[in-house]
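> got a sequence here, can you build the structure:
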Amino acid sequence: QVQLVESGGGLVQAGGSLRLSCAASGRTFSSTAVAWFRQAPGNEREFVGVIVWSGDRIVYSDAVKGRFTISRDNAKNTVYLQMNSLKPEDTAVYYCAAGFWTGVYYSRAAQYNSWGQGTQVRVSS
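The predicted model follows:
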């Protein structure tokens, strides 16, 4: 099983940028998918985006498409979430999660069996 540790959260003004990191330890495969989710107080966990470890598939939610970018560094076993043009509604705890890529249901939290501890992102207006 993959272990995940997120970092990079913080407080930023609206319109600003942050980059989150998700460091993976343990064995990853080309078919491993690493997703980002977020959860704001009182809300359900929301899918942000996912990357297949092979890098040949990246999917974003409509809420972040065009503003957020997911990438990975194989040498560092790390996945990144670059967040630009941040809005107050992006405020949430952000989690990365890993699981087997099936090509379907990738936006569902239940598809992932390894989760990081989360990192807080706050966007002020």
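> can you map out the helices along the chain?
Using DSSP state H, no helices are assigned anywhere in the chain.
> can you pull out the strands in this protein?
With DSSP state E, the ranges of strands along the chain come out as 3-7, 10-13, 18-25, 32-39, 46-52, 58-60, 68-73, 78-83, 92-100, 114-115, 119-124.
> of all these, which lies closest to residue 106?
Of all these, strand 46-52 sits nearest to residue 106, with 5.0 Å by Cβ to Cβ. No exception for glycine: its C-beta is placed from N, CA and C like everyone else's.
> contacts for that closest one, please.
30-40, 57-61, 63-64, 68, 70-72, 79, 81, 92, 94, 101, 106-109 (Cβ atoms under 8 Å, 6 or more residues apart in numbering).
> find the centremost residue of this protein, please.
residue 36 (2.1 Å; Cα atoms, centre = their mean).
> could I get the average pLDDT for stretch 34-44?
Taken as a whole, stretch 34-44 has a mean pLDDT of 96.
> pull out the buried residues from that stretch.
Buried residues in stretch 34-44, defined by neighbour count with 16 or more other Cβ atoms under 10 Å: 34, 35, 36, 37, 38.
> equivalent analysis for stretch 62-78, please.
Buried residues in stretch 62-78 (16+ other Cβ under 10 Å): 64, 68, 69, 70, 72, 77, 78.
> could you identify the most distant pair in those?
Longest span within these, Cβ to Cβ: 64 and 77, 23.6 Å.
> thinking again about what came up before, from residue 94, how far out is the residue nearest to the centre of the chain?
Residue 36 is 6 Å from residue 94, where distance means Cβ to Cβ, to the nearest Å.
> mind listing the shared neighbours of those two?
Shared contacts of residue 36 and residue 94 (Cβ under 8 Å, 6+ apart): 20, 48, 81.
> adding pLDDT, neighbour count and distance to residue 2, write these out as CSV.
Below are the shared contacts of residue 36 and residue 94 laid out as CSV (pLDDT from 0 to 100; neighbours: other Cβ atoms under 10 Å; distance: Cβ to Cβ, whole Å):
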residue, pLDDT, neighbour count, distance to residue 2
20, 98, 25, 17
48, 98, 25, 18
81, 98, 26, 17
